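> I would like the atomic coordinates for the input below:
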Amino acid sequence: MKERGKAGKNRNESSLYEFEKTTELIDTGIFKYIRHPLYSSLLFLTWGIFLKHPTIELLIVSLFSTLFLLMTAISDEKECVDYFGDKYLDYMKRSKMFIPYII
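Residues are numbered from 1 along each chain as shown. Predicted structure coming up:
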């Protein structure tokens, strides 16, 4: 099978911040279990606030936050597949998006 992706090539796109110019796939530590630990923490924070003080307004904020974080994660994963290719696709099979062993 032909290897996909651009890994190993320079990532100097002007649209990226310095921390976004990752050239190595990290799949150890927390990343062994979930691909988006920052987004997971934001989801837990949002839903925790709602569960502490449930109101219709916070429910709407929690639902929209969940939707936007999911869309951001999907977009990020498309970019990672484009860059890392099959290596990232294999990583996706071994890990979950937000919550270990669940989703």
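
> what residues of the helix or strand where Asp90 lies count as buried?
Taking DSSP states H and E as the criterion, Asp90 maps to helix 86-94. Within helix 86-94, the residues scored as buried using 16 or more other C-beta atoms under 10 Å are 87-88, 91. C-beta coordinates here come from the backbone N, C-alpha and C atoms, glycine included.

> okay, which residue is most central for this protein?
His36 (3.5 Å; C-alpha atoms, centre = their mean).

> what sits against that one?
69, 73, 76, 97-98 (C-beta atoms under 8 Å, 6 or more residues apart in numbering).

> 6 Å instead, please
Ala73 (C-beta atoms under 6 Å, 6 or more residues apart in numbering).

> distance of it relative to Phe19?
The gap separating His36 from Phe19 is 15 Å, by C-beta to C-beta, to the nearest Å.

> can you list the buried residues of helix 86-94 in TSV and add pLDDT and distance to Leu63?
Compiled in TSV, the buried residues of helix 86-94 are given as follows (pLDDT from 0 to 100; distance: C-beta to C-beta, whole Å):
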residue	pLDDT	distance to Leu63
Lys87	96	34
Tyr88	96	29
Tyr91	97	29
